[in-house]
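Colleague: Sequence and predicted structure below; questions after.
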Amino acid sequence: MITYKKSGVDIDKANKLVNWIKKLSPKIGGFSGFFPIGGDQFISASCDGVGTKLKIAQILGKHSTVGIDLVAMNVNDLVCSGAKPLFFLDYYSCGKLDSKIARQVITGIKNGCDDSGCVLLGGETAEMPGFYKKGEYDLAGFAVGIVEKKNIIDGSRISDGNLIFGLPSSGLHSNGFSLVRKIFSNREIKKYGSILLQPTKIYVKEVLSAICHLPSAICGICHITGGGFYDNIIRILPENRHAVIYKDGIPVPRIFGIIQSKAKISDREMYKTFNMGIGMVLIVRKSKSAEVQKILKKSVVIGEIVNGQKGVEII
């Protein structure tokens, strides 16, 4: 059995570090941070990268989609709070600049910005000889959005009886690739390359549309990234609210079954590492569920909120 931890990524240790950082700066929390800019308006900001999915792009020599991943990982976090993305900045670092590769990556970033309705405002390109192996590079991104205080979605309105909606993912998105690289040979990576490099879906426009049309219907929004269902959904739950997820309601893409079979790991480990076919979760008032589903046409009901100890259960 090869777990995410055995592949080199310790989610629990990372969570402990985040909790320590929160003690230093209590305003940190949620999927993005807030800063008041006057009146009832707040800017919301997020920072993220693509992770070791970049290794897959480098093995395959295909770099046109990882820029979309970079934008998606940030703007999807922003929209969890109800914020509309305004602008994006990127950081591209390498040992020696390869202009052909850089252009592919940055074109992807621009495409991601266009898809999410924000402006690529600037960035930084850093050459650091001796720091990266030949052909390697890394990416980081920074997104800023805006939201009115009355429209902030922070999970505080989540209550017993709410339904849990899932928006389908486009695949693995940008998480779990350290485990993927541990179990797949380079030959297998090339075999499944087009699936593995499928860019992270950007949910901004459809989620903002639902918020705009039904502002009181959506009580919480969660981006399913590192930590899967267990470590992300719990971030938006109030005390005494328990999320029950029904696996039968989730349309799991075939690639996840292949990974699970190769790694020989449990369902719990899979749902703690990957998105399993659901990239974004919305907690919705039951009385408004039919109206939400008319707007989010591809959404599926995957669970419900019940009274109980704060946590996530998958059955």
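Modeller: Structure received.
Colleague: who's in contact with the residue lying closest to residue 51 once chain neighbours are set aside?
Modeller: Spatially, and ignoring its direct neighbours in sequence, residue 51 is nearest to residue 174 (5.6 Å; CB to CB, 6 or more residues apart in numbering). All C-beta atoms are positioned from the backbone trio N, CA, C, and that covers glycine. Remark: with contacts taken as CB atoms under 8 Å, 6 or more residues apart in numbering, residue 174 is in contact with 50-51, 53, 69, 72-73, 200, 225.
Colleague: got it, and residue 274?
Modeller: Neighbouring residues of residue 274 by CB under 8 Å, 6+ apart: 172, 175-176, 228, 256, 259.
Colleague: Could I get the pLDDT score of it?
Modeller: Note for residue 274: predicted pLDDT of 97.
Colleague: List the contacts of residue 94.
Modeller: 102, 126-128, 132, 136-138.
Colleague: Please name the bridge partners of residue 43.
Modeller: residue 35, residue 146 (DSSP bridges).
Colleague: Show the buried residues in the contacts of residue 94.
Modeller: Buried residues within those, counting neighbours by 16 or more other CB atoms under 10 Å: 102, 137-138.
Colleague: Among these, which one sits closest to residue 190?
Modeller: Residue 190 has its nearest neighbour among those in residue 137, at 19.9 Å by CB to CB.
Colleague: Leaving out the residues flanking it, which one is nearest to the closest one?
Modeller: That would be residue 94: by CB to CB, 6+ apart, it lies 3.9 Å from residue 137.
Colleague: Across the sheet, point out what pairs with the one you found.
Modeller: residue 127, residue 137.
Colleague: So the residue nearest to residue 51 belongs to a strand, correct?
Modeller: No: assigned with DSSP: H, G, I helix; E, B strand; the rest coil, residue 174 falls outside any strand and is coil.
Colleague: how far away is it from residue 201?
Modeller: For residue 174, the distance to residue 201 (CB to CB, to the nearest Å) stands at 11 Å.
Colleague: Could you do residue 34 as well?
Modeller: Taking CB to CB, one finds residue 34 at 25 Å from residue 201.
Colleague: go on, residue 64?
Modeller: Taking CB to CB as the measure, residue 64 falls 16 Å from residue 201.
Colleague: Comparing those two, which shows the higher neighbour count?
Modeller: residue 201 (20 against 16; other CB atoms under 10 Å).
Colleague: tell me the secondary structure for the residue nearest the centre of the chain?
Modeller: Nearest residue to the geometric centre of the chain (CA atoms, centre = their mean): residue 225, 3.9 Å. Secondary structure of residue 225, reduced to three states by three-state DSSP: coil.
Colleague: ok, of the contacts of residue 274, which one's closest to residue 90?
Modeller: Residue 90 has its nearest neighbour among those in residue 175, at 19.3 Å by CB to CB.
Colleague: one step back: what two of the contacts of residue 94 have the greatest distance between them?
Modeller: Pairwise distances across those peak at 14.1 Å for 102 and 128 (criterion: CB to CB).
Colleague: Quick one: neighbours of residue 121, just the number.
Modeller: Neighbourhood size, residue 121 [other CB under 10 Å]: 14.
Colleague: Oops, could you answer that again for residue 73 instead?
Modeller: By other CB under 10 Å, the residues close to residue 73 number 29.
Colleague: Please, which helix or strand holds residue 180?
Modeller: Residue 180 is part of helix 177-183 when elements are defined by DSSP states H and E.
Colleague: Could you list every helix and strand that that helix packs against?
Modeller: Using 3 or more CB pairs under 8 Å, 6 or more residues apart in numbering; DSSP states H and E, the elements in contact with helix 177-183 are helix 53-60, helix 254-263.
Colleague: out of those, deepest packed?
Modeller: helix 53-60 (a mean of 20; mean count of other CB atoms under 10 Å).
Colleague: List of residues touching that helix?
Modeller: Contacts of helix 53-60 with the rest of the structure, by CB under 8 Å, 6+ apart, involve 63, 65-66, 69, 135-139, 172, 174, 177, 180-181, 186, 189-190, 193, 196-197.
Colleague: Just the C-alpha atoms of that helix, please, in PDB.
Modeller: Written as PDB, here are the backbone C-alpha positions of helix 53-60 (Å, rounded to 0.1, in the frame of the first residue of the first chain):
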ATOM      1  CA  LYS A  53       1.800  18.100 -11.500                       C
ATOM      2  CA  LEU A  54       4.600  20.200 -13.100                       C
ATOM      3  CA  LYS A  55       6.700  17.100 -13.100                       C
ATOM      4  CA  ILE A  56       4.100  15.400 -15.300                       C
ATOM      5  CA  ALA A  57       4.200  18.400 -17.700                       C
ATOM      6  CA  GLN A  58       8.000  18.200 -17.800                       C
ATOM      7  CA  ILE A  59       8.100  14.500 -18.400                       C
ATOM      8  CA  LEU A  60       5.600  14.800 -21.300                       C
END
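Colleague: any idea of the mean pLDDT for that helix?
Modeller: Rounded mean pLDDT across helix 53-60 is 97.
Colleague: from the chain's centre, how far out does whichever helix or strand comes after that helix sit?
Modeller: Using DSSP H and E, the helix or strand that directly follows helix 53-60 along the chain is helix 66-79. Helix 66-79 sits 7 Å away from the centroid of its parent chain (CA atoms, centre = their mean, to the nearest Å).
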